[in-house]
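>>> only geometry, no sequence info:
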């Protein structure tokens, strides 16, 4: 990065450290933090959407829809995350390639499965073999986001189903007596009021999601855990910057990072709880009303 | 946002398929110096196999790009098509030949060695660390010692330092820098043990055409002596050559 870093062997002390911490591999390490933050930023709303859809489906009076919603939560919640992660990413990847293969290469005669090999025509490779490595990474990241969202969506769905059931029946009945349709009751009364009941469960899930991001490493995404292990390992003199086993320090840094992330989340979620309690028919809402009076 | 990324991705892929010549994706572990490792100055794949692979691609007139993959899943991911070749210090063995094909070897049959902190470490009945899924790990399992497997070779060496294992068993070339730079902490014990049929490039069984191209390229490097020069550069003057 700096011109003075061109010859690492001649550097000592602080200069060495500055050059070491700004080397190409460390820049990749810092970018992997961005990867994790983007994953959180994209996965959380997606999982919320999946969960909301699941909860609405599970409550639906239409039986097949309700069955679909309940199966989704029961299945995903009942399978260990890691198993689901390992299975689903391969299944999704091969599923997409198989569909594209059927569309783009109708004349292909060789079987897709040859023994242990999974071989689709070159036009169906996702991403194309010619695409730059960055597209392969984005594609892998996309698969990871889908998997995370699907797994966490199932938990969200369960939380939201409970929250919808927790909204006092009297509130809904009042709305009905005003002549609102079922859709209006749902949109205007049920959904706005359920969040305060959902929040403890959702904040729990958010914390678990933050702590589950190292699973990216399992999915082949080069995340912070990958780089911490890679950079921390013993580097012999073959490397530009040799050093002994520093994994302890790198993992300590990750530990601090995750603690900071969860601490900030706690503060934000605490504020959100206070805000959502305002005017609600809950103990916290009642306490706020009394304090203000 | 995701839709946007996806749309752009699909567009990029559609554009990509227009080229006739496919890029060959070279899979490697990136954690096995001096064969292959991530240069910690640049963050790129480097090492003997990087240099050799680039030269082979040039001779075979192929466009190549390097992809890193965990050692543990390197064969399954070749089969599912995440990349097209494996150059990761992988010895040619009969077990592996059942699932993938190899080019002719570009590194002569290797010597493996035990390294330990104490000279009287029990390599026959003690705890020996090795990298998972390597020929060394199978050898330890058959030797009667208790096998302790690790995802990377580096972690296997660290296990000896931490006292988890009595000795580590790995390719000698991999262990040499650890031993020589440990200031006498580590030493080789016992004799070197020849294992495997040399190191070759792993390819899918169905990729016969590409395999032939790389075979020819390796042969041409053996014939004009450039492979030997490269071997000496990375493994020292005393290394085995062709």
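In hand now; what should we look at? For clarity, every value in this text was computed on a predicted model and none was experimentally measured.

>>> which of the three states applies to the residue in the stretch 51-200 of chain A positioned nearest to chain B?
With Cβ to the nearest Cβ, the shortest gap between the stretch 51-200 of chain A and chain B falls at residue A:128, namely 3.7 Å. For the C-beta atoms, the positions are set from N, CA and C on the backbone; glycine is no exception. Assigned with DSSP: H, G, I helix; E, B strand; the rest coil, residue A:128 falls in the coil class.

>>> that one: neighbouring residues, count only.
Per other Cβ atoms under 10 Å in any protein chain shown, the neighbour tally for residue A:128 reads 22.

>>> phi, psi for it please.
According to degrees, to the nearest 10, the main-chain angles of residue A:128 amount to phi -60, psi 140.

>>> residue B:129 too?
According to degrees, to the nearest 10, residue B:129 has phi -90, psi 140.

>>> and the next helix or strand past the helix or strand hosting residue A:230?
If you go by DSSP states H and E, residue A:230 is part of helix A:224-232. The first helix or strand that comes after helix A:224-232 along the chain, using DSSP H and E, is helix A:247-277.

>>> may I see the buried residues of that following helix?
Along helix A:247-277, these residues count as buried under the neighbour rule (16 or more other Cβ atoms under 10 Å in any protein chain shown): A:247, A:250, A:254, A:258, A:261, A:265, A:269, A:276-277.

>>> low-scoring stretches of the chain, by residue?
Unless you meant another one, I'm taking chain A. A:1 (pLDDT under 70).

>>> wait, chain B was what I had in mind.
Scanning chain B for pLDDT under 70 picks out B:1-21.

>>> walk me through the domains of it.
B:23-108+B:198-235, B:110-195 (automatic domain parsing).

>>> residue A:216: which of the ones you listed is closest?
Closest approach to residue A:216 among the domains of chain B is made by domain B:23-108+B:198-235 (12.9 Å; Cβ to Cβ).

>>> and the closest one, how far out from the chain's middle?
The chain centroid and the centroid of domain B:23-108+B:198-235 are separated by 8 Å under Cα atoms, centre = their mean, to the nearest Å.

>>> compute the first-to-last residue distance for that domain.
Using Cα to Cα, to the nearest Å, one end of domain B:23-108+B:198-235 lies 29 Å from the other.

>>> check whether it comes near chain A.
Yes: residues of domain B:23-108+B:198-235 contacting chain A under Cβ under 8 Å from any Cβ of the partner chain: B:23-25, B:30-31, B:33-34, B:37-44, B:47, B:65, B:67-70, B:73, B:76-77, B:79-81, B:84, B:99, B:204-206.

>>> and the buried ones among the residues you listed, selectable in ChimeraX?
Entered in ChimeraX, the line below selects the buried ones among the residues of domain B:23-108+B:198-235 next to chain A, by 16+ other Cβ under 10 Å:
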select /B:23,24,25,30,31,33,34,37,38,39,40,41,43,47,65,67,68,69,70,77,79,80,81,84,99,204,205
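
>>> got the residues of the stretch 51-200 of chain A near chain B?
So the stretch 51-200 of chain A meets chain B at A:90, A:93-94, A:97, A:110, A:114-120, A:122-123, A:125-133, A:135-136, A:138-139, A:142, A:145 (Cβ under 8 Å from any Cβ).

>>> looking at those, which are in helices?
Those of these mapping onto helices are A:90, A:93-94, A:97, A:133, A:135-136, A:138-139, A:142, A:145, per DSSP state H.

>>> quick check: PyMOL command selecting the buried ones in those.
Applying 16+ other Cβ under 10 Å to those leaves a buried subset, and the PyMOL line that selects it is:
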select buried, chain A and resi 90+93+94+97+135+136+138+139+142+145
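
>>> list the strands paired with the longest strand along chain B, with their directions.
Counting residues, the longest strand found in chain B (DSSP state E) is strand B:187-195. Neighbouring strands of strand B:187-195 in its sheet, by DSSP bridges, are strand B:110-116 (antiparallel).

>>> list the contacts of the partner strand.
By Cβ atoms under 8 Å, 6 or more residues apart in numbering or on different chains, the residues outside strand B:110-116 that reach it are B:91, B:121, B:123, B:128, B:135-136, B:139, B:157, B:160, B:166-173, B:175, B:178-179, B:186-190, B:192-196, B:198-199.

>>> drop anything exposed from these.
For the contacts of strand B:110-116, a burial check counting by 16+ other Cβ under 10 Å picks out B:91, B:121, B:123, B:128, B:135-136, B:139, B:157, B:160, B:166-173, B:175, B:178-179, B:186, B:188-189, B:195-196, B:198-199.

>>> which residues of chain B fall in strands?
Per DSSP E, chain B carries strands over the ranges B:24-28, B:31-32, B:36-38, B:45-46, B:64-68, B:85-86, B:101-102, B:110-116, B:127-131, B:146-150, B:167-171, B:187-195, B:202-203.

>>> which of those sits closest to residue A:289?
strand B:64-68 (58.4 Å).

>>> so which elements touch the closest one?
helix A:133-166, strand B:24-28, helix B:48-59 (3 or more Cβ pairs under 8 Å, 6 or more residues apart in numbering or on different chains; DSSP states H and E).

>>> tell me which residues of the last one come out buried.
Residues of helix B:48-59 classed as buried by neighbour count (16+ other Cβ under 10 Å): B:48-50, B:52-53, B:55-57, B:59.

>>> name the surrounding residues that touch that helix.
B:24, B:26, B:28, B:34-36, B:63-64, B:66, B:85, B:87-89, B:106, B:201, B:214, B:216-218, B:220-221, B:226-227, B:230-231, B:233-235.

>>> run a quick neighbour tally on residue 108.
Since you didn't name a chain, this refers to chain A. Residues lying near residue A:108 (other Cβ under 10 Å) number 15.

>>> look at chain B instead
15.

>>> got it, and the one 5 residues further on?
Burial of residue B:113, expressed as a neighbour count using other Cβ under 10 Å, amounts to 23.

>>> skipping adjacent residues, who's closest to it in space?
Sequence neighbours aside, residue B:172 is the residue nearest to residue B:113 in space, at 4.2 Å (criterion: Cβ to Cβ, 6 or more residues apart in numbering or on different chains).

>>> ok, that neighbour to residue A:63 distance?
67 Å (Cβ to Cβ, to the nearest Å).

>>> try residue A:264
According to Cβ to Cβ, residue A:264 stands 44 Å off from residue A:63.
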